[in-house]
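Novice: Sequence isn't available, so here's the structure alone:
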């Protein structure tokens, strides 16, 4: 009995692969339903400032931290993708970004890049 089932499967595979078998009514074939799938994928994209894991998660196709610690969908390239660990530091060499400063506050932390000012307020 197992041989007969296997034989039927082997005979049916070429028919399915070549499109020889009819699709059930209401089933989408190749090229059909692609618009629905595309619309579904687009609707699952995250809007600006929503949480994301990578560029492909965002409608803007840009995911990053904007100097913070949380990855979000960024509206444009005007917002830097760099993430900061914002850990305490005393010298640039303490930071992976090699940029330690206050960014206008009173506490020295590792800043994402040189776009963030090192100056400290008293």
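Specialist: Thanks, I have the structure now. Note that the structure is predicted; figures quoted are calculated from it, not measured.
Novice: Residue 77 is in what secondary structure piece?
Specialist: In the assignment (DSSP states H and E), residue 77 maps to no helix and no strand.
Novice: hang on, residue 97 packs against residue 109?
Specialist: No: taking contacts as Cβ atoms under 8 Å, residue 97 lies outside contact range of residue 109: 10.4 Å. In short, each C-beta sits where N, CA and C put it, glycine included.
Novice: Name the residues contacting each of those two.
Specialist: residue 84 (Cβ atoms under 8 Å, 6 or more residues apart in numbering).
Novice: Count the neighbours of residue 105 for me.
Specialist: The number of residues packed near residue 105 is 11, by other Cβ atoms under 10 Å.
Novice: Check whether it really touches residue 120, as I assumed.
Specialist: Yes: counting by Cβ under 8 Å, residue 105 touches residue 120, with 7.1 Å between them.
Novice: what bits of this protein have low per-residue confidence?
Specialist: Scanning the chain for pLDDT under 70 picks out 1-43.
Novice: what about the strands in it?
Specialist: Here the chain has its strands, by DSSP state E, at 63-64, 72-73, 100-101, 109-110.
Novice: for the ones you listed, which one sits closest to residue 87?
Specialist: strand 109-110 (5.4 Å; Cβ to Cβ).
Novice: Count residues in the vicinity of the residue lying closest to residue 57 once chain neighbours are set aside, would you?
Specialist: Ranked by Cβ to Cβ, 6 or more residues apart in numbering and with sequence neighbours excluded, the top spatial neighbour of residue 57 is residue 46, at 5.3 Å. Neighbour count of residue 46, defined by other Cβ under 10 Å: 16.
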